[in-house]
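Participant: Could you look at this predicted model? Sequence included:
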Amino acid sequence: MITSLTAEKLAVQRGSRRLAENLGFTVKAGQALALEGANGSGKTSLLRLIAGFLPAAAGRVTLTDDGREISDPEERGRFVGWLGHHDALKASFTVSEQLAFFGKLYNAPSAGSIAGDASGASPVTTGEEKRMALLDQAHLLEQIGLARQAELPCRYLSAGQRRRLALARLLLTQRPLWLLDEPFAALDVAGKGLVARLIALHCGQGGMVIAATHEELGLGNEVLRL
Amino acid sequence: MTPFLALLSRDLRLSVREGGGAALALVFFALVATLVPLGVGSDLALLAKVGSGVLWVGAALAALLSLDRLFQADYEDGSLDLIALSPLSLEGTAAAKILAHWLSIGLPLTLFSPILSVFFGLSAPTVMALTLSLAIGTPAVSAVGAILASLTLSVRRGGLILPLLVLPLLVPVVIFGAGMAVEVQTGLANGAPRFLLAFSLGATLLSPFITAMAVRLNLAG
């Protein structure tokens, strides 16, 4: 389990434009951090920097995993669960094909291995039990509200449903550090509630969340203004 | 191995389903092979002489058709970000994509070429040499193409500049590829098979590393 992520004197730059400077923050296991700021203030760029895509113009990001400090960006990326601005779905793939592909790509425990506990899946419970249930694709889809669309090609999904599928993929990848870019975008009221619950659950299990958002995460979380 | 195979099979399925992949390349190849004899006329000796060259050019250009989508589609819809964060290295990603491109385009073109060589009245040994040269040379087309497809990833209208950049790099493949068939036709050893093999091996081995570097640069952009 990773214990913390620290940024020191970080500068975010895109091309020749300096978007933010001298950023410093620490996120510990179980904590969430909200990034706020006007459009174009560098929220997405900061997330891409943390994920290891964008090099830091100055300063550094350090991830501590069991006391081991990791500063190599590409190694850091192996801890990241990514919910980007784009949904990254293929129009001709069905919902379940989509998840099956990313499950294999991320070496996630297969659905079959724990399919034994067909406990009837109450949509939202708490604790370890549900964590296990999430691994099962059918449970996962039920959880996220897409159970009836499992065999539907993604081209027929609405914007909100696509977002829900992206969330299901985020859960599937089982990564400790979630980087969320506008997680509430396109979702209905129930969907927004779902995102807030998932974030709370992830933090409750010792995960970390950094989210760029214009809305409250509702966790008593820290806020970084850009 | 699972992440590699997952990406490979996804790309193969995409090229079949979203059209534009294998089918488009084969149709283009068939059109070239049908139209050239009609344009050149019915001089069989002449057709046999230019046949292997025309088929090689047709195959190389057909393989280029869908090249700009190799990384572009995944880059635009955000999939490339998720693939980059997966346990599969970018080098592995590039290798999977090159292999998928060859399996869905290079291999079908190779297998299709003996049928199309009928239009040129090529002798059986020439057809065999041509098919073999395509089998050796088309992986190089995919590999060289992947490097330039990844370099032009964030260039808007990259599809326009890509063929211009790839073309000079494909010149050796086409020369030595067609040369293999010419060697059989004329009976004079010209060393084409060895050059083709060397170029193809070099390109396929180096390409995943260069391509991964270019993808990394584009993700940071």
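Facilitator: Okay, I see it. Worth saying up front: this structure is predicted, and the values here are computed from it rather than measured.
Participant: Grab the most central residue of chain A for me.
Facilitator: In chain A, the centroid-proximal residue (Cα atoms, centre = their mean) is A:Trp178; its distance is 3.7 Å.
Participant: Provide the backbone phi and psi angles at A:Leu35.
Facilitator: phi -100, psi 120 (degrees, to the nearest 10).
Participant: go on, A:Phe53?
Facilitator: Main-chain torsions, A:Phe53, degrees, to the nearest 10: phi -80, psi -40.
Participant: Find the residue closest to it in space, skipping its chain neighbours.
Facilitator: Spatially, and ignoring its direct neighbours in sequence, A:Phe53 is nearest to B:Leu219 (4.5 Å; Cβ to Cβ, 6 or more residues apart in numbering or on different chains). C-beta: built from backbone N, CA, C; applies to glycine.
Participant: I figured the one you found hits B:Leu82, correct?
Facilitator: No. Contact status for B:Leu219 versus B:Leu82: not in contact, 11.4 Å apart, counting by Cβ atoms under 8 Å.
Participant: can you list contacts of stretch B:167-183?
Facilitator: Residues outside stretch B:167-183 that contact it (Cβ atoms under 8 Å, 6 or more residues apart in numbering or on different chains) are B:51-53, B:56-57, B:60, B:64, B:122, B:126, B:129-130, B:132-134, B:136-137, B:140-141, B:144, B:148, B:189-190, B:192-193, B:195-196, B:199-200.
Participant: Buried members of those residues into PyMOL, please.
Facilitator: Buried subset of these, written as a PyMOL selection, criterion 16 or more other Cβ atoms under 10 Å in any protein chain shown:
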select buried, chain B and resi 51+52+53+56+57+60+64+122+126+129+130+132+133+134+136+137+140+141+144+148+192+193+195+196+199+200
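Participant: so which of the contacts of stretch B:167-183 also contact chain A?
Facilitator: Among those, proximity to chain A is found for none (Cβ under 8 Å from any Cβ of the partner chain).
Participant: Distance-wise, check the residue in chain B that chain A sits nearest to relative to B:Gly41.
Facilitator: Going by Cβ to the nearest Cβ, chain A is nearest to B:Gly78 of chain B, at 3.0 Å. As judged by Cβ to Cβ, to the nearest Å, B:Gly78 and B:Gly41 stand 52 Å apart.
Participant: now A:Leu157: how far from chain B?
Facilitator: Distance check for A:Leu157 against chain B: by Cβ to the nearest Cβ, to the nearest Å, it reads 13 Å.
Participant: what's that residue in contact with, if anything?
Facilitator: A:89, A:95, A:149, A:165.
Participant: now those in TSV, with distance to A:Leu187?
Facilitator: Converted to TSV, the contacts of A:Leu157 look like this (distance: Cβ to Cβ, whole Å):
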residue	distance to A:Leu187
A:Leu89	15
A:Val95	16
A:Gln149	15
A:Leu165	12
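Participant: Could you pull out the helices in the chain for me?
Facilitator: All of this is about chain A. For chain A, the helices defined by DSSP state H occupy A:43-51, A:73-77, A:95-105, A:128-135, A:137-144, A:159-173, A:189-204.
Participant: ah, I was thinking of chain B
Facilitator: Using DSSP H, helices in chain B cover B:2-17, B:22-40, B:44-64, B:69-76, B:79-85, B:90-101, B:107-116, B:124-151, B:158-186, B:192-220.
Participant: and those helices as JSON lines, adding mean pLDDT?
Facilitator: Below are the helices of chain B laid out as JSON lines (pLDDT from 0 to 100):
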{"stretch": "helix B:2-17", "mean pLDDT": "92"}
{"stretch": "helix B:22-40", "mean pLDDT": "92"}
{"stretch": "helix B:44-64", "mean pLDDT": "92"}
{"stretch": "helix B:69-76", "mean pLDDT": "90"}
{"stretch": "helix B:79-85", "mean pLDDT": "95"}
{"stretch": "helix B:90-101", "mean pLDDT": "96"}
{"stretch": "helix B:107-116", "mean pLDDT": "95"}
{"stretch": "helix B:124-151", "mean pLDDT": "95"}
{"stretch": "helix B:158-186", "mean pLDDT": "89"}
{"stretch": "helix B:192-220", "mean pLDDT": "95"}
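Participant: Rebuild those as TSV, extending it with distance to A:Leu19.
Facilitator: Formatted as TSV, the helices of chain B follow (distance: least, Cβ to Cβ, whole Å):
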stretch	distance to A:Leu19
helix B:2-17	32
helix B:22-40	41
helix B:44-64	38
helix B:69-76	22
helix B:79-85	19
helix B:90-101	25
helix B:107-116	46
helix B:124-151	26
helix B:158-186	26
helix B:192-220	14
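Participant: Taking chain A, what residue is nearest to chain B?
Facilitator: A:His86 (3.0 Å).
Participant: re earlier: more crowded one of B:Leu219 and B:Leu82?
Facilitator: The residue with more neighbours, out of B:Leu219 and B:Leu82, is B:Leu82; 24 against 19, by other Cβ atoms under 10 Å in any protein chain shown.
Participant: Near chain B, which residues of chain A are found?
Facilitator: Residues of chain A lying near chain B by Cβ under 8 Å from any Cβ: A:51-55, A:77-78, A:80, A:82, A:84-93, A:101-102, A:104-107, A:169, A:175.
Participant: Would you list the buried entries among those?
Facilitator: Burial by neighbour count, judged by 16+ other Cβ under 10 Å, picks out A:51-54, A:77-78, A:80, A:82, A:84, A:86-90, A:93, A:101-102, A:104-106, A:169, A:175 from the residues of chain A next to chain B.
Participant: Quick check: the residue nearest to B:Thr93 when sequence neighbours are not counted vs B:Pro163, distance?
Facilitator: Leaving aside its sequence neighbours, B:Thr93 sits nearest to B:Ile83 (Cβ to Cβ, 6+ apart; 5.6 Å). Here the criterion is Cβ to Cβ. By it, B:Ile83 lies 25 Å from B:Pro163.
Participant: Give me the contact list for stretch B:90-105.
Facilitator: For stretch B:90-105, contacts defined as Cβ under 8 Å, 6+ apart pick out B:3-4, B:7-8, B:11-12, B:15-16, B:21-22, B:25, B:62-63, B:66-67, B:70-71, B:83-84, B:88, B:138-139, B:142-143, B:145-146, B:150, B:204, B:207-209, B:211-212, B:215-216.
Participant: likewise stretch B:10-25?
Facilitator: A:90-93, A:101, B:62-63, B:65-66, B:69, B:73, B:96-97, B:100-101, B:103-105, B:108-109.
Participant: Whichever of those residues end up buried, select them in ChimeraX.
Facilitator: Restricted to buried positions by 16+ other Cβ under 10 Å, the ChimeraX selection for the contacts of stretch B:10-25 reads:
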select /A:90,93,101 /B:62,63,65,66,69,73,96,97,100,101,103,104,105,108,109
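Participant: Contact partners for the nearest residue to A:Gly30 once chain neighbours are set aside?
Facilitator: With Cβ to Cβ, 6+ apart as the criterion, A:Gly30 has its nearest non-adjacent residue at 5.0 Å, and that residue is A:Cys203. By Cβ under 8 Å, 6+ apart, the residues touching A:Cys203 are A:30-32, A:209, A:219.
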